[in-house]
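Asker: requesting a structural model of the entry that follows:
(2 chains)
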Amino acid sequence: MITDIVNLLSNTFLSMTPLLLAAVGEVIAEKSGVVNIGLEGIFLITALTSTVSTFYTGDPILGLIIGVIIGLLSGGLHGFISVYLRGDQIIAGVGFNSFAYGLSILTLIFLWGDYSSSPSIPKITPWSLRIAGTNLVIPQILIIALITAIASWYILEKTGWGLKLRACGEDPRAAEAMGVNVNKTRFYATTIGGGLAGLGGAYLSIGWLGSFTRTISAGRGFIALADVAFANWNPLIAIIGAFIFGFADASGTYLPIMLQKMTGTQFTAETYLFLTIPYLTTLIAVAAIMKKVKMPRALGKPYIKE
Amino acid sequence: MSITSLVDYLKARKTEYITGAMEVTLSAITGFFIAGIILQSMGYNALSIFNIMITGGVSDLSHLAGKSAPLVMTGLAFSIPLMAGVFNIGGESQLYMGALAGLVGTYYSGNILIGLVLGFLAGAFWGWLMAALRVYRGINEVITAIMLNWTAYYFIIYLIIKYLPNPEKPYMSIQLPQSEMLSMNTTFLLSVLGALAAYYIIYYTDLGYKMRVSGFNPKTAQYSGFDPSKSILFSMALGGGLAGFGGALLVIGVSSGIDTTMTSLYGLGFTGIGVGLLGRNHPIGIIFSSLFFADLIIGGQWVELETGAPPYVSDTIIGIIVIALSAPYAYKKLVELYRLRRR
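Answerer: Down below sits the predicted model:
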């Protein structure tokens, strides 16, 4: 029993890391007034690019850095379209997801001639603690994610920079009157948000799975978005949200294994039923809390100077 | 409407049409251009690939028709709710639900009509559910849609393996006999009729009018005495229903069953977003843009056969086209610049 709990906790830590990184990045972008639903696409494309670079250089740390850079560029592209071209943020995000999906499979086939996954690459081995005869796994990047979340909360809520950034998302006209460059702030906030999602995407392949598969993100980008709403745009609560959603994700794969062992039966079709757990949990959790949250007032609207 | 007044009407909206045509053409060109760069850098000949992509689909017209039918429906499923101000990213699972209901309904009743109606209803319920979570619980419809998309995806795989297995083909569900299927051309015709019905509902009925007003300005709707959330519920039920109808059409007209990896269904809802946008959210435009996208998708498969390049070129191009379509302001600026230059 204790073994199961430790294993479940390990899987939760593994699976909450990318959610937390992307959610914190998205909080920063959305607080400034830009919503980026292309997180899923950023996960895909950065997981791929860091797999490719690690495959050819053998250095996972370099892969991680490449992932962050590609994430920054993707966020910057979205920021440019949303802010300077006054594009529709949702549509641009949807387009980016589809582009990233096509491009990542295209590259997968081009480089390795495989339709579903890349060869294995060297991973960053996570820390493990010996508890009750099994290992409790703690990925180093989770620690980075936690520090990022706390630091972002402090900067957003307690500093002058944070106040200016939040003003751009609440009332851009007032922010402009305060002397804040709304467009520039939004552009940089979206870029940083993309960079954090990029770290999460790189982690998916380098820190966790050790290869790239076409379903590597499996809706995780959107679960991170749900976490933003669940957290009421507060990076600290996003940690709790990421833990809950990560736990649901871990249960979806671990529960059937546990139940099969306990009851001695063999599941076939039922495994698919368990895979719906993370999505339904996310939906129910957000539904339970959503009436009480307050999103940035100017979220999703381009700022047009007069 | 007399001829002269029609001409006046068209003249008055000339700028709008020109900007629209520019948006569509430039986005398509951008899509091909960037994809071309990517393909060239991978060492393929981009021009010959595009040539195969565009001509490949047109070579078999009835296949093209069958492939476009569900896209017309998922295109409408995106565009109709957009008129009421909601983003329907859930066309994907609304189509799944419709495909499942269409398969089960037709298989057990032996009647195609029952299958189509059930397909519509299943999709409509799924779309309504997404709208209800937004209206009554305030959850962003994009999040709801994706969560329900994945839930439906795994749930349907479960149902097929558990309750609808095909004893002869382990990777397939039960299949409809040829006698209970429609020809591809009829399938396309039905999708066109669906688009025309949507056109009528949007522009010539009270419900459609209220929907458009709510989308344009929810406050105006409220002052005029109708509730914008009702329009949201209606538009999502209608859009979802059409996507479901598209799913049923796909099973009854093309695929005869659903495979256990959902390959025959996957992506049609997402492509519908591009179809709706490229068709400028107009039912008639959507018919044409779905033919264009279907051509690209079929052409993509030809590309694989003839050059060995992966078929996913079409997904990439469609993605770039959608990104390019997201910023109409950029095109407006271009038109203005062009005008200034001419003066």
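Asker: write out the residues of the stretch 151-300 of chain B neighbouring chain A.
Answerer: Residues of the stretch 151-300 of chain B found near chain A (Cβ under 8 Å from any Cβ of the partner chain) are B:151, B:154-155, B:157-158, B:161-162, B:270-271, B:273-274, B:277. For glycine as for every other residue, the C-beta is placed from the backbone atoms N, C-alpha and C.
Asker: which among those end up buried?
Answerer: Among those, those scoring as buried are B:151, B:154-155, B:157-158, B:161, B:270-271, B:273-274, B:277 (criterion: 16 or more other Cβ atoms under 10 Å in any protein chain shown).
Asker: what's the closest non-adjacent residue to B:Ala69?
Answerer: Distance criterion Cβ to Cβ, 6 or more residues apart in numbering or on different chains; nearest residue to B:Ala69, sequence neighbours excluded, is B:Ser191 at 3.9 Å.
Asker: could you say which helix or strand holds the one you found?
Answerer: B:Ser191 belongs to helix B:184-204 when assigned by DSSP states H and E.
Asker: rounded mean pLDDT for that helix, please.
Answerer: Mean pLDDT, helix B:184-204: 92.
Asker: got it, and stretch B:240-258?
Answerer: Averaged across stretch B:240-258, pLDDT comes to 94.
Asker: do the same with stretch B:157-171
Answerer: Averaging pLDDT along stretch B:157-171 gives 89.
Asker: could you list the buried residues of that stretch?
Answerer: Under the neighbour-count criterion of 16+ other Cβ under 10 Å, stretch B:157-171 has B:157-161, B:164-166 buried.
Asker: please apply the same query to stretch A:296-306.
Answerer: The neighbour-count check on stretch A:296-306 (16+ other Cβ under 10 Å) flags A:296, A:298-303 as buried.
Asker: filter the residues of the stretch 151-300 of chain B next to chain A down to the ones in helices?
Answerer: Among these, the ones falling in helices (DSSP state H) are B:151, B:154-155, B:157-158, B:161-162, B:270-271, B:273-274, B:277.
Asker: farthest pair within those?
Answerer: Farthest apart among these by Cβ to Cβ are B:Lys162 and B:Leu277. That separation is 37.6 Å.
Asker: neighbours around A:Ala242, how many?
Answerer: Residues near A:Ala242, counting by other Cβ atoms under 10 Å in any protein chain shown, number 30.
Asker: in the stretch 101-250 of chain B, which spans are strands?
Answerer: Counting by DSSP state E, counting those that start in this stretch, the stretch 101-250 of chain B has no strands at all.
Asker: same thing with the stretch 1-150 of chain A?
Answerer: Secondary structure of the stretch 1-150 of chain A (DSSP E, counting those that start in this stretch): strands located at A:127-131, A:134-138.
Asker: pull the distance from stretch A:87-103 to the chain's centre.
Answerer: Stretch A:87-103 sits 16 Å away from the centroid of its parent chain (Cα atoms, centre = their mean, to the nearest Å).
Asker: does that stretch reach chain B?
Answerer: Yes. For stretch A:87-103 and chain B, the contact criterion (Cβ under 8 Å from any Cβ) is met by A:87-92, A:94-103.
Asker: looking at those residues, which are in helices?
Answerer: Secondary structure assignment by DSSP H places A:89-92, A:94-103 of these in helices.
Asker: about what we covered before: ok, the buried residues of stretch A:296-306 vs chain B, which is closest?
Answerer: Ranked by distance to chain B (Cβ to the nearest Cβ), the buried residues of stretch A:296-306 are led by A:Pro302 at 7.9 Å.
Asker: helix, strand or coil for the closest one?
Answerer: When classified by DSSP: H, G, I helix; E, B strand; the rest coil, A:Pro302 comes out as coil.
Asker: isn't it right next to A:Val83, touching?
Answerer: Yes. Assessed by Cβ atoms under 8 Å, A:Pro302 is found in contact with A:Val83 at 7.1 Å.
Asker: quick one: low-confidence ranges for chain B?
Answerer: Along chain B, segments meeting pLDDT under 70 span B:1-2, B:343.
Asker: got the domain boundaries for it?
Answerer: Following automatic domain parsing, chain B resolves into domains at B:1-44+B:312-343, B:61-308.
Asker: now for chain A, the helix or strand with the poorest mean pLDDT.
Answerer: strand A:127-131 (a mean of 82; mean pLDDT, DSSP states H and E).
Asker: direction included, what does that one pair against?
Answerer: Here strand A:127-131 has these sheet partners by DSSP bridges: strand A:134-138 (antiparallel).
Asker: ok, and what's touching the strand it pairs with?
Answerer: Applying Cβ atoms under 8 Å, 6 or more residues apart in numbering or on different chains, the contact partners of strand A:134-138 are A:3, A:6-7, A:9-10, A:13-14, A:126-130.
Asker: if you set the cut-off to 10 Å instead, what comes out?
Answerer: Identification of contacts with strand A:134-138 by Cβ atoms under 10 Å, 6 or more residues apart in numbering or on different chains yields A:2-7, A:9-14, A:17, A:125-130, A:208.
Asker: buried residues, it. List them.
Answerer: Using 16+ other Cβ under 10 Å as the test for burial, strand A:134-138 gives A:134, A:136-138.
Asker: do stretch B:13-27 as well
Answerer: Result for stretch B:13-27 [16+ other Cβ under 10 Å]: buried residues B:19-20, B:22-24, B:26-27.
Asker: return the residues in contact with A:Ile289.
Answerer: A:Ile289 makes contacts with A:229-232, A:237, A:241, B:137-139, as judged by Cβ under 10 Å, 6+ apart.
Asker: my guess is A:Leu163 meets A:Asp171, correct?
Answerer: No. The criterion here is Cβ atoms under 10 Å, and A:Leu163 misses it with A:Asp171 at 12.0 Å.
Asker: phi, psi of A:Thr213?
Answerer: With angles defined as degrees, to the nearest 10, A:Thr213 sits at phi -120, psi 160.
Asker: how close does the nearest residue to it once chain neighbours are set aside sit to chain B?
Answerer: In space, and not counting its chain neighbours, A:Thr213 is closest to A:Ser117: 4.2 Å by Cβ to Cβ, 6+ apart. The gap separating A:Ser117 from chain B is 15 Å, by Cβ to the nearest Cβ, to the nearest Å.
Asker: what number of residues lie near A:Ser120?
Answerer: Per other Cβ under 10 Å, the neighbour tally for A:Ser120 reads 11.
Asker: now it: how far from chain B?
Answerer: Using Cβ to the nearest Cβ, one gets 22 Å for the distance from A:Ser120 to chain B.
Asker: OK, contacts around that residue?
Answerer: Going by Cβ under 10 Å, 6+ apart, A:Ser120 touches A:51, A:55, A:209-211.
Asker: B:Met147 too?
Answerer: Residues in contact with B:Met147 (Cβ under 10 Å, 6+ apart) are A:219, A:222-223, A:226, A:276, A:278-284, A:286, B:90, B:93, B:130, B:133, B:139.
Asker: and residue 149, what does it touch?
Answerer: Reading this off chain A. A:Ala149 sits next to A:20-21, A:23-24, A:27, A:196, A:231, A:234-239, A:242 when contact means Cβ under 10 Å, 6+ apart.
Asker: not quite, I wanted chain B
Answerer: B:Asn149 makes contact with A:219, A:222, A:279, B:89-96, B:126, B:130, B:269-270 under the criterion Cβ under 10 Å, 6+ apart.
Asker: now do B:Leu334
Answerer: B:Leu334 makes contacts with B:19, B:22-23, B:26, as judged by Cβ under 10 Å, 6+ apart.
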